[in-house]
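Q: only geometry, no sequence info:
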(Lines give C-alpha, C1' and ligand atoms only; values in the text may rest on other atoms or scores of the structure.)
Protein backbone atom coordinates (compact mmCIF):
# COMPACT_ATOMS: atom_id res chain seq x y z
CA UNK A 1 0.00 0.00 0.00
CA UNK A 2 1.38 3.36 -0.99
CA UNK A 3 1.59 5.81 1.89
CA UNK A 4 0.94 9.50 1.61
CA UNK A 5 3.68 12.00 2.38
CA UNK A 6 2.25 12.96 5.80
CA UNK A 7 1.85 9.27 6.71
CA UNK A 8 5.49 8.60 5.77
CA UNK A 9 6.62 11.51 7.93
CA UNK A 10 4.58 10.21 10.88
CA UNK A 11 5.93 6.69 10.38
CA UNK A 12 9.52 8.02 10.23
CA UNK A 13 8.96 10.10 13.37
CA UNK A 14 7.49 7.09 15.19
CA UNK A 15 10.46 4.92 14.24
CA UNK A 16 12.88 7.57 15.52
CA UNK A 17 11.09 7.68 18.88
CA UNK A 18 11.10 3.86 18.99
CA UNK A 19 14.85 3.69 18.34
CA UNK A 20 15.50 6.35 20.99
CA UNK A 21 13.42 4.50 23.58
CA UNK A 22 15.11 1.20 22.67
CA UNK A 23 18.59 2.71 23.19
CA UNK A 24 17.63 4.21 26.55
CA UNK A 25 16.01 0.95 27.70
CA UNK A 26 19.06 -1.06 26.63
CA UNK A 27 21.39 1.21 28.61
CA UNK A 28 19.13 1.10 31.68
CA UNK A 29 18.72 -2.67 31.75
CA UNK A 30 22.29 -3.52 30.68
CA UNK A 31 24.05 -1.31 33.24
CA UNK A 32 25.26 -2.78 36.53
CA UNK A 33 23.51 -0.32 38.84
CA UNK A 34 24.90 -1.83 42.02
CA UNK A 35 28.48 -1.22 40.90
CA UNK A 36 27.60 2.24 39.58
CA UNK A 37 26.00 3.16 42.88
CA UNK A 38 29.04 1.96 44.81
CA UNK A 39 31.43 3.90 42.54
CA UNK A 40 29.54 7.18 42.05
CA UNK A 41 26.64 7.45 44.49
CA UNK A 42 27.97 6.73 47.98
CA UNK A 43 25.53 8.56 50.26
CA UNK A 44 27.94 8.56 53.23
CA UNK A 45 30.60 10.32 51.15
CA UNK A 46 28.09 12.83 49.82
CA UNK A 47 27.04 13.69 53.38
CA UNK A 48 30.67 14.16 54.44
CA UNK A 49 31.19 16.78 51.70
CA UNK A 50 28.56 19.12 53.12
CA UNK A 51 28.50 21.93 54.07
CA UNK A 52 32.18 22.61 53.13
CA UNK A 53 31.60 22.16 49.40
CA UNK A 54 29.01 24.94 49.55
CA UNK A 55 30.35 27.31 52.21
CA UNK A 56 33.99 27.19 51.08
CA UNK A 57 34.56 25.51 47.69
CA UNK A 58 31.52 26.77 45.80
CA UNK A 59 31.81 30.22 47.39
CA UNK A 60 35.45 30.49 46.28
CA UNK A 61 34.57 29.27 42.78
CA UNK A 62 31.96 32.03 42.47
CA UNK A 63 34.36 34.67 43.84
CA UNK A 64 37.15 33.63 41.44
CA UNK A 65 34.72 33.67 38.53
CA UNK A 66 33.25 37.08 39.33
CA UNK A 67 36.70 38.57 39.95
CA UNK A 68 38.06 37.27 36.65
CA UNK A 69 34.92 38.38 34.80
CA UNK A 70 35.09 41.93 36.23
CA UNK A 71 38.78 42.25 35.35
CA UNK A 72 38.26 40.77 31.89
CA UNK A 73 35.26 43.01 31.19
CA UNK A 74 37.09 46.25 32.06
CA UNK A 75 40.31 45.25 30.31
CA UNK A 76 38.40 43.77 27.35
CA UNK A 77 36.48 47.03 26.88
CA UNK A 78 39.77 48.98 26.82
CA UNK A 79 41.20 46.53 24.28
CA UNK A 80 38.07 46.80 22.12
CA UNK A 81 38.34 50.61 22.06
CA UNK A 82 42.03 50.32 21.22
CA UNK A 83 41.15 47.95 18.34
CA UNK A 84 38.77 50.59 16.96
CA UNK A 85 41.12 53.52 17.61
CA UNK A 86 42.28 55.76 14.78
CA UNK A 87 45.76 55.66 16.35
CA UNK A 88 47.58 52.83 14.59
CA UNK A 89 49.94 51.80 17.47
CA UNK A 90 46.90 51.27 19.73
CA UNK A 91 45.34 48.97 17.12
CA UNK A 92 48.62 47.08 16.72
CA UNK A 93 49.08 46.54 20.45
CA UNK A 94 45.46 45.46 20.98
CA UNK A 95 45.54 43.09 17.99
CA UNK A 96 48.83 41.53 19.12
CA UNK A 97 47.51 41.07 22.67
CA UNK A 98 44.24 39.48 21.50
CA UNK A 99 45.95 37.09 19.10
CA UNK A 100 48.58 36.14 21.71
CA UNK A 101 46.27 35.53 24.66
CA UNK A 102 43.62 33.72 22.61
CA UNK A 103 46.34 31.31 21.56
CA UNK A 104 47.87 30.67 24.99
CA UNK A 105 46.30 28.11 27.37
CA UNK A 106 44.63 29.75 30.37
CA UNK A 107 46.62 27.42 32.63
CA UNK A 108 49.91 28.84 31.33
CA UNK A 109 48.75 32.45 31.78
CA UNK A 110 47.61 31.69 35.31
CA UNK A 111 50.93 30.05 36.11
CA UNK A 112 52.90 33.03 34.74
CA UNK A 113 50.84 35.49 36.78
CA UNK A 114 51.09 33.40 39.95
CA UNK A 115 54.81 32.62 39.77
CA UNK A 116 56.34 34.82 37.06
CA UNK A 117 55.14 38.20 38.39
CA UNK A 118 56.52 37.66 41.96
CA UNK A 119 59.89 36.69 40.44
CA UNK A 120 59.94 39.73 38.14
CA UNK A 121 58.82 42.14 40.89
CA UNK A 122 60.04 40.62 44.20
CA UNK A 123 59.25 43.73 46.25
CA UNK A 124 55.65 43.99 45.08
CA UNK A 125 52.61 41.78 45.63
CA UNK A 126 49.50 41.31 43.57
CA UNK A 127 46.60 42.91 45.51
CA UNK A 128 44.22 40.36 46.98
CA UNK A 129 46.73 37.51 47.32
CA UNK A 130 45.57 34.24 45.71
CA UNK A 131 42.19 35.73 44.85
CA UNK A 132 43.84 38.64 43.00
CA UNK A 133 46.26 36.33 41.17
CA UNK A 134 43.45 34.06 39.99
CA UNK A 135 41.22 36.99 38.98
CA UNK A 136 44.02 38.59 36.96
CA UNK A 137 45.33 35.31 35.56
CA UNK A 138 41.95 34.16 34.26
CA UNK A 139 40.86 37.71 33.43
CA UNK A 140 43.83 38.31 31.12
CA UNK A 141 42.74 35.42 28.90
CA UNK A 142 39.04 36.26 29.15
CA UNK A 143 39.74 39.89 28.19
CA UNK A 144 41.10 38.78 24.81
CA UNK A 145 37.82 37.03 23.97
CA UNK A 146 35.63 39.75 25.49
CA UNK A 147 37.47 42.43 23.51
CA UNK A 148 36.45 40.86 20.22
CA UNK A 149 32.87 40.40 21.44
CA UNK A 150 32.60 44.02 22.59
CA UNK A 151 34.25 45.31 19.41
CA UNK A 152 31.65 43.44 17.35
CA UNK A 153 28.91 44.93 19.52
CA UNK A 154 30.21 48.48 19.03
CA UNK A 155 30.41 47.97 15.28
CA UNK A 156 26.85 46.61 15.28
CA UNK A 157 25.49 49.94 16.55
CA UNK A 158 24.24 51.92 13.53
CA UNK A 159 26.67 54.65 12.49
CA UNK A 160 23.77 57.10 12.46
CA UNK A 161 23.77 57.00 16.27
CA UNK A 162 27.27 58.44 16.42
CA UNK A 163 26.58 60.94 13.65
CA UNK A 164 23.42 62.17 15.41
CA UNK A 165 25.31 62.57 18.70
CA UNK A 166 28.09 64.54 16.99
CA UNK A 167 25.47 66.71 15.29
CA UNK A 168 24.11 67.59 18.73
CA UNK A 169 27.55 68.84 19.72
CA UNK A 170 28.85 65.83 21.68
CA UNK A 171 32.53 65.03 21.54
CA UNK A 172 33.60 61.62 20.15
CA UNK A 173 34.43 60.38 23.67
CA UNK A 174 31.10 61.54 25.14
CA UNK A 175 29.13 60.02 22.25
CA UNK A 176 30.93 56.68 22.70
CA UNK A 177 30.45 56.72 26.48
CA UNK A 178 26.79 57.75 26.58
CA UNK A 179 25.34 56.57 23.26
CA UNK A 180 27.34 53.85 21.49
CA UNK A 181 28.84 51.72 24.28
CA UNK A 182 25.57 51.33 26.28
CA UNK A 183 23.80 50.10 23.13
CA UNK A 184 26.74 47.82 22.29
CA UNK A 185 26.59 46.19 25.72
CA UNK A 186 22.89 45.43 25.31
CA UNK A 187 23.83 43.56 22.13
CA UNK A 188 26.72 41.59 23.63
CA UNK A 189 25.16 40.62 26.98
CA UNK A 190 24.28 37.05 25.79
CA UNK A 191 27.82 36.22 24.53
CA UNK A 192 29.34 37.84 27.61
CA UNK A 193 27.15 35.62 29.77
CA UNK A 194 28.53 32.64 27.86
CA UNK A 195 32.01 33.88 28.73
CA UNK A 196 30.96 33.96 32.38
CA UNK A 197 29.95 30.29 32.12
CA UNK A 198 33.32 29.41 30.59
CA UNK A 199 35.12 31.32 33.35
CA UNK A 200 33.19 29.33 35.95
CA UNK A 201 34.70 26.14 34.56
CA UNK A 202 38.14 27.73 34.06
CA UNK A 203 38.21 28.58 37.77
CA UNK A 204 39.05 24.88 38.29
CA UNK A 205 42.58 25.80 37.12
CA UNK A 206 43.16 27.72 40.37
CA UNK A 207 44.84 24.63 41.83
CA UNK A 208 48.01 25.52 39.91
CA UNK A 209 48.63 28.36 42.39
CA UNK A 210 48.58 26.01 45.37
CA UNK A 211 45.30 26.86 47.05
CA UNK A 212 44.79 26.16 50.76
CA UNK A 213 41.83 24.80 52.72
CA UNK A 214 40.39 28.33 52.85
CA UNK A 215 40.97 29.19 49.18
CA UNK A 216 40.11 25.81 47.67
CA UNK A 217 37.60 25.67 44.80
CA UNK A 218 35.13 22.97 43.78
CA UNK A 219 37.27 20.80 41.49
CA UNK A 220 40.28 20.71 43.85
CA UNK A 221 37.94 19.95 46.74
CA UNK A 222 36.39 17.07 44.82
CA UNK A 223 39.78 15.72 43.74
CA UNK A 224 41.16 15.82 47.28
CA UNK A 225 38.09 13.95 48.52
CA UNK A 226 38.54 11.44 45.68
CA UNK A 227 42.10 10.72 46.79
CA UNK A 228 41.04 10.51 50.42
CA UNK A 229 38.05 8.18 49.97
CA UNK A 230 39.30 6.35 46.84
CA UNK A 231 35.87 6.75 45.30
CA UNK A 232 34.52 8.80 42.37
CA UNK A 233 31.49 10.14 44.25
CA UNK A 234 33.19 13.48 45.16
CA UNK A 235 33.88 14.23 41.49
CA UNK A 236 30.23 13.64 40.62
CA UNK A 237 29.11 15.98 43.43
CA UNK A 238 31.67 18.57 42.28
CA UNK A 239 30.24 18.40 38.77
CA UNK A 240 26.73 18.92 40.12
CA UNK A 241 28.00 21.95 42.07
CA UNK A 242 29.13 23.52 38.78
CA UNK A 243 25.68 22.90 37.32
CA UNK A 244 24.18 24.90 40.19
CA UNK A 245 26.00 27.91 38.70
CA UNK A 246 25.97 27.21 34.96
CA UNK A 247 22.38 26.02 34.44
CA UNK A 248 20.75 29.26 35.72
CA UNK A 249 23.24 31.27 33.66
CA UNK A 250 22.33 29.26 30.55
CA UNK A 251 18.66 30.08 31.16
CA UNK A 252 19.57 33.76 31.48
CA UNK A 253 21.39 33.60 28.13
CA UNK A 254 18.37 32.03 26.41
CA UNK A 255 15.99 34.63 27.83
CA UNK A 256 18.29 37.49 26.83
CA UNK A 257 18.65 36.10 23.33
CA UNK A 258 14.86 35.78 23.00
CA UNK A 259 14.35 39.31 24.29
CA UNK A 260 16.98 40.66 21.92
CA UNK A 261 15.47 38.72 18.98
CA UNK A 262 12.01 40.21 19.70
CA UNK A 263 13.45 43.71 19.99
CA UNK A 264 15.11 43.54 16.56
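A: Sure thing, it's come through. Treat the numbers as computed from the prediction; the structure is a model and nothing was measured.
Q: Going by neighbour count, list what's buried in the helix or strand containing residue 96.
A: Assigned by DSSP states H and E, residue 96 belongs to helix 88-103. Using 16 or more other CB atoms under 10 Å as the test for burial, helix 88-103 gives 90, 94, 97-98, 101. Bear in mind the C-beta positions are built from the backbone N, C-alpha and C, glycine included.
Q: For it, which helices and strands make contact with it?
A: When contacts are defined as 3 or more CB pairs under 8 Å, 6 or more residues apart in numbering; DSSP states H and E, helix 88-103 sits against helix 59-83, helix 129-156.
Q: nearest to residue 183, of those?
A: Closest to residue 183 of the helices and strands packed on helix 88-103 is helix 129-156 (CB to CB; 8.1 Å).
Q: circling back: possible to save the helices and strands packed on helix 88-103 as CSV with mean neighbour count and distance to residue 107?
A: Listed next are these as CSV, based on neighbours: other CB atoms under 10 Å; distance: least, CB to CB, whole Å:
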stretch, mean neighbour count, distance to residue 107
helix 59-83, 21, 14
helix 129-156, 22, 9
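Q: how much does the helix holding residue 96 deviate in direction from helix 59-83?
A: 150 degrees (axes from the mean of the first three to the mean of the last three CA atoms, to 10 degrees).
Q: Run the angle between helix 88-103 and helix 129-156 for me.
A: Inter-element angle recorded for helix 88-103 and helix 129-156: 120 degrees (by the same axes, to 10 degrees).
Q: Just the mean pLDDT for the helix or strand just after helix 88-103, thanks.
A: Going down the chain from helix 88-103, the next helix or strand is helix 106-111, by DSSP H and E. In this model, helix 106-111 has a mean pLDDT of 92.
Q: next one: stretch 154-173 to chain centre, how far?
A: Centroid separation between stretch 154-173 and its chain, computed with CA atoms, centre = their mean, to the nearest Å, is 32 Å.
Q: cool, and stretch 95-110?
A: Centroid separation between stretch 95-110 and its chain, computed with CA atoms, centre = their mean, is 16 Å.
Q: about what we covered before: as a whole number, average confidence for the helix holding residue 96?
A: For helix 88-103, the mean per-residue pLDDT is 95.
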